[in-house]
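> Just the structure for this:
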Amino acid sequence: MNILFVCNGLAGGGAEKLLSELLPIMKEQYKIRCDILILHNKNEKYIEYLQSKGISICVVPETCKTIICKCNYIWHYMVKGNYDLIHANLFPAFYFCSIIRILHRKTSPKMIMTEHSTDNHRRHIKILRPLEKIIYSSYEKNICISNKTKDNLIKWLKPGNKNHNKFIVINNGINIEKYVNAIGLERRILFPGIEDNDILICMIGSFREAKNHATLIKTMRRLPEKYKLVLAGEGPLELKIKEMTKEFNLEKRVVFLGYRSDIDRIIKTADVIVVPSKWEGFGLSAVESMASGKPVIVSEVEGLSEIVDDGAIKFKWDSDEEFASAILKLENNEIYEYYAGKARNRAKVFDIHIAANEYVKIYKDIISQKE
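Numbers count the residues shown, from 1 in each chain. Predicted coordinates:
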């Protein structure tokens, strides 16, 4: 079985992280040829790792500036690779694949796509709905990473009842054992000068609007001096959050770690993990943190709230007062251990091997179907 995965890039987002975990398992355990085609290579974090696992990666040349040029390049790459199935991820990559499928219906490989978010900016522009209906309908299956992701996509597209079976849920997964068995770092390596009695909060996530770093920084003002924060990730809003930290005189209490490949060890080192997203289709960092046996505090938003279930403390995403109260609640040792245990048990549901098996079943089913 030959599968081509098409994605925007291989940086540190949830979709890219999923591919980095999923594809080596598919290649080694299911003997699937897994190739990746990405639209750009801007310091992509997972390329070296995936290549070490025998995954072939192609980057659309920078000379392909227009939509037509990009689609033409991707199409010829598909033909050359003789793929059984195309698996598209993220906008605009899944738009390009859809255009190709529409233009080359008789000769194109079958295609599926994965929807990774409960919301996006396109869904707030109603005139785009007819276009989106066409784009999504070109895929044999629209796979959603959570029930709420599926519900919101159907609500947006308004497909006929007979087409509802095209929308299915396969939860994201992680390598559970990696986070269970991770060995923490020396705290002072992460946060120079941290005292033994200080409480270390950690947030993992790219600096984008959806991740809601701003509310976390506001929350730090409400917490005692002993609370320290480490932020792991990169992104377009990083400078803005650094300026906000300086404006609130929090420079001595907040450390920016940048991109890190040892997230499992960082989580194991922290006392509390927070995921304050404004919207979130799944929340891989929340599941990783739960698997590590750390208490997790998340915003009560669709998708994320569903995934953590009762395994985390929840707060209203825009309330720094409620956020601070949730963090302070964990100073009670009994409450701390209660949520640590809840987290460990909940994380077991999201083993990456379960996700891999479900995806492979879908691949085989679609490939076996006649046009």
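> Low-confidence bits of the protein, can you list those?
12, 43, 371 (pLDDT under 70).
> who touches the residue of the chain most remote from its centre in this structure?
No residue in the chain sits farther from the centre than Lys106, which is 33.4 Å out by C-alpha atoms, centre = their mean. Counting by C-beta atoms under 8 Å, 6 or more residues apart in numbering, Lys106 makes contact with nothing. Backbone N, C-alpha and C define where each C-beta goes, glycine included.
> same deal with the one 5 residues further on?
In this structure, Met111 makes contact with Leu85, Ile86, His87, Ala88, Cys97, Ser98, Arg101, Ser138, Tyr139, Glu140, judged by C-beta under 8 Å, 6+ apart.
> In strands, which of these appear?
Leu85, Ile86, His87, Ala88 (DSSP state E).
> Among those residues, which one sits closest to Lys240?
Ala88 (31.1 Å; C-beta to C-beta).
> Which parts of the protein are strands?
Under DSSP E, the chain gives strands at 2-7, 33-38, 56-59, 85-89, 110-115, 141-144, 167-169, 199-204, 227-232, 254-258, 272-275, 296-299, 313-315.
> Give me the neighbour count for Ile135.
Ile135 is flanked by 21 other residues according to other C-beta atoms under 10 Å.
> For stretch 276-289, measure first residue to last.
Terminal residues of stretch 276-289 are spaced 14 Å apart (C-alpha to C-alpha, to the nearest Å).
> any idea how far Pro159 is from the residue farthest from the centre of the chain?
24 Å (C-beta to C-beta, to the nearest Å).
> go on, Pro276?
33 Å.
> Neighbour count for the two, which is higher?
Pro276 (24 against 17).
> Correct me if wrong: the more buried one contacts Ile217.
No: when contacts are counted by C-beta atoms under 8 Å, Pro276 is not listed as touching Ile217 (10.0 Å).
> How much space separates the residue lying closest to Lys211 once chain neighbours are set aside from Met220?
Excluding its sequence neighbours, the residue lying closest to Lys211 (C-beta to C-beta, 6 or more residues apart in numbering) is Gly205, at 4.2 Å. In this view, Gly205 and Met220 are 16 Å apart by C-beta to C-beta.
> Looking at those two, which is more packed in?
More neighbours surround Gly205 than the other of Gly205 and Met220, with 26 against 20 (other C-beta under 10 Å).
> So that one is in contact with Lys278, correct?
No: contact criterion C-beta under 8 Å: Gly205 and Lys278 do not qualify, at 11.4 Å.
> Which neighbours do these two have in common?
Contact criterion C-beta under 8 Å, 6+ apart; residues shared by Gly205 and Lys278: Lys211.
> before we move on, the earlier item: now rank the ones in strands among the contacts of Met111 by neighbours and give me the top one.
Neighbour max across the ones in strands among the contacts of Met111 (other C-beta under 10 Å) = His87, 27 neighbours.
> Across the sheet, point out what pairs with it.
Per DSSP bridges, the residues bridged to His87 are Phe5, Ile112.
> Show me the helices in the stretch 51-200 of the chain, by range?
67-81, 93-103, 129-137, 147-157, 176-180, 187-190 (DSSP state H, counting those that start in this stretch).
> returning to that earlier point: got the phi/psi numbers for the residue farthest from the centre of the chain?
With angles defined as degrees, to the nearest 10, Lys106 sits at phi -80, psi -20.
> How about Ile100, nearest residue that isn't a chain neighbour?
With C-beta to C-beta, 6+ apart as the criterion, Ile100 has its nearest non-adjacent residue at 4.9 Å, and that residue is Trp75.
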